[in-house]
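1. The following block contains a protein sequence and its predicted model.
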Amino acid sequence: MSLYLDNAATTYPKPPSVYRAVRHALEEVGATPGRAAHRKAREALGMVAAARVQVAGILGIGDCDRVVFTKNATESINVVLKGWLRHRDRVVISGMEHNSVVRPLRRLSSLGVVFETIRCRPGGQIDLDDFRKRLDPSPRLVVLVHASNVNGALQPLQEAAGMCSKRGVPLLLDAAQTAGIQPISATDWDLGMLACSGHKALLGPPGVGILYVRPDLDVLPLMEGGTGSRSEDVLQPEFCPDRYESGTPNLPGIAGLSAGIEFILERGMDRIRAHELGLGSMLENELSGMQGVKVLRPEIRGTGAVSFTIDGLNPGDAGAILDEGFDIAVRTGLHCAPLAHQTLGTFPEGTVRVSPGYATTVEDIEYFLRALRALLSRR
Ligand SMILES: Cc1ncc(COP(=O)(O)O)c(C=O)c1O
């Protein structure tokens, strides 16, 4: 039995309709959207427009023209950080951020941007009192990861967003782990910006990300180029989404994302969430009872991702045994989030991370637990 438990990295398998949609876009549509008037280009444009409406719906974005397609969450985050921050700006981030936030900020710090980290509780949730203090004086930007890719910890997002909104501080939400599984209301929560991947819980293929920027925030684009609009003007269009969408769009990726969202709506996001959180809790409870295993329990679980360490066994070695001895794919190490591991006390070795997805069954988790018990008994 081959078992994939690395859905926090990317969902696998995708729903069959996603593979079909990618194939259809490549084999039967083929054209570039928004660049020509022929029927095939118009069909492609219609597909992209329909996907924008679906994304706006699932992320609570009031105006679908504010939905920007990027390559991935990393690109979306980079657009915001590099297009919004200036010399000497102060940025407040959580202690659970991914390297897609920390690395660009490190680079920007050489240009005079300063960033500071909100204190977190032992499970990874931000301390709201510490957060409140850091909002005075107002920073230029707050960045929060909605749920951690390390242990699934869900942040008290609505409270934090309300505090930012009251002070007029833009909040960039990294929803890479939660888009498609947790309810998100970008407009109602008054988010400044939102970044997410299309290939995780939104069930699309890799190569598509999403960016939302509130209309009043003048975030400069990272790239300029052909948009298929206002071609007579040498300046980049200022309107959305064209301002941030230069170059040929990823039609197969967007078509696949559209099919992924359709699948979520048909099955029901609440049902998928209950399923994944249930598997996460099952893992957490069973692992906690095993001798020598320490689970990084979040205060509130937002995804099914569970991280743990094993006394006397390096996470990478445990992952290799699970892979080669039991054909189970888990992720080990730092998960591109060393800051989160520093916060949780598991830096530099990291953890073993098990992340079930919509397609994972209770039997799969039982198989994994049997394999882990066998691994532990052999030591
Ligand atoms: C919390 C978080 N933020 C950002 C990213 C980056 O996403 P992508 O690889 O799609 O750019 C990830 C990916 O694992 C993530 O888990």
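-> Looks like it arrived, so ask away.

2. Need the contact partners of stretch 275-282.
-> The contact list for stretch 275-282 (CB atoms under 8 Å, 6 or more residues apart in numbering) reads 152, 181, 301, 303-306, 356-358, 360, 362, 365. Just so you know, the C-beta spots here come from the backbone N, C-alpha and C atoms, and that holds for glycine as well.

3. 7 Å - rerun?
-> Applying CB atoms under 7 Å, 6 or more residues apart in numbering, the contact partners of stretch 275-282 are 152, 181, 301, 303-306, 356-358, 360, 365.

4. Tell me which two of the residues you listed sit farthest apart.
-> For these, the maximum inter-member distance is 17.2 Å, found between 181 and 365 (CB to CB).

5. ok now do residue 350, which residues does it touch?
-> Per CB under 7 Å, 6+ apart, neighbours of residue 350: 315, 332-335, 341.

6. Go through the residues you listed and name the one nearest residue 47.
-> Relative to residue 47, the closest of the contacts of residue 350 is residue 335; by CB to CB it sits at 33.4 Å.

7. quick one, what contacts residue 286?
-> Contacts of residue 286 by CB under 7 Å, 6+ apart are residue 369.

8. show me the contacts for residue 6.
-> Contacts for residue 6 (CB under 7 Å, 6+ apart) come out as 329-331, 355.

9. Around the ligand, which positions in the stretch 101-250 of the chain sit nearby?
-> 145, 149, 174, 176-177, 197, 209 (CB under 6 Å from any ligand atom).

10. In helices, which of these fall?
-> If you go by DSSP state H, those have nothing in helices.

11. Dump those into a markdown table; add neighbour count and pLDDT as well.
-> Listed next are these as a markdown table, based on neighbours: other CB atoms under 10 Å; pLDDT from 0 to 100:
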| residue | neighbour count | pLDDT |
| --- | --- | --- |
| 145 | 33 | 98 |
| 149 | 25 | 98 |
| 174 | 32 | 98 |
| 176 | 28 | 98 |
| 177 | 29 | 98 |
| 197 | 31 | 98 |
| 209 | 28 | 98 |
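
12. As CSV, the residues you listed with distance to residue 78 would be great.
-> Converted to CSV, these look like this (distance: CB to CB, whole Å):
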residue, distance to residue 78
145, 15
149, 17
174, 12
176, 13
177, 18
197, 13
209, 10
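
13. Tell me which of those fall in strands.
-> Of these, the ones assigned to strands by DSSP state E are 145, 174, 197, 209.

14. For the stretch 251-379 of the chain, what lies in contact range of the ligand?
-> When proximity is defined by CB under 6 Å from any ligand atom, the stretch 251-379 of the chain lies next to the ligand nowhere.

15. Go ahead and list the helix or strand containing the residue of the stretch 251-379 of the chain found nearest the ligand.
-> Residue nearest to the ligand within the stretch 251-379 of the chain: residue 336 (6.1 Å; CB to the nearest ligand atom). For residue 336, there is no host helix or strand (DSSP states H and E).

16. Use 19 as the first number from now on
-> Fine by me, first position is 19 from now on; the one you just mentioned is residue 354.

17. Tell me how many other residues surround it.
-> As a burial measure, residue 354 scores 16 neighbours (other CB atoms under 10 Å).

18. Torsion angles phi and psi at it?
-> phi 60, psi 20 (degrees, to the nearest 10).

19. Tell me how far it lies from residue 86.
-> 23 Å (CB to CB, to the nearest Å).

20. One more: residue 179?
-> Separation of residue 179 from residue 86 (CB to CB) stands at 20 Å.

21. same thing with residue 141?
-> Computed as CB to CB, the residue 141 to residue 86 distance reads 33 Å.

22. of these two, who's got more company?
-> Comparing residue 141 with residue 86 by other CB under 10 Å, the one with more neighbours is residue 86, at 23 against 19.

23. quick one: the more buried one is in a helix?
-> No - counting by DSSP: H, G, I helix; E, B strand; the rest coil, one finds residue 86 to be strand, located in no helix.

24. quick one, what contacts it?
-> Neighbouring residues of residue 86 by CB under 7 Å, 6+ apart: 228-230, 258-259, 262-263.
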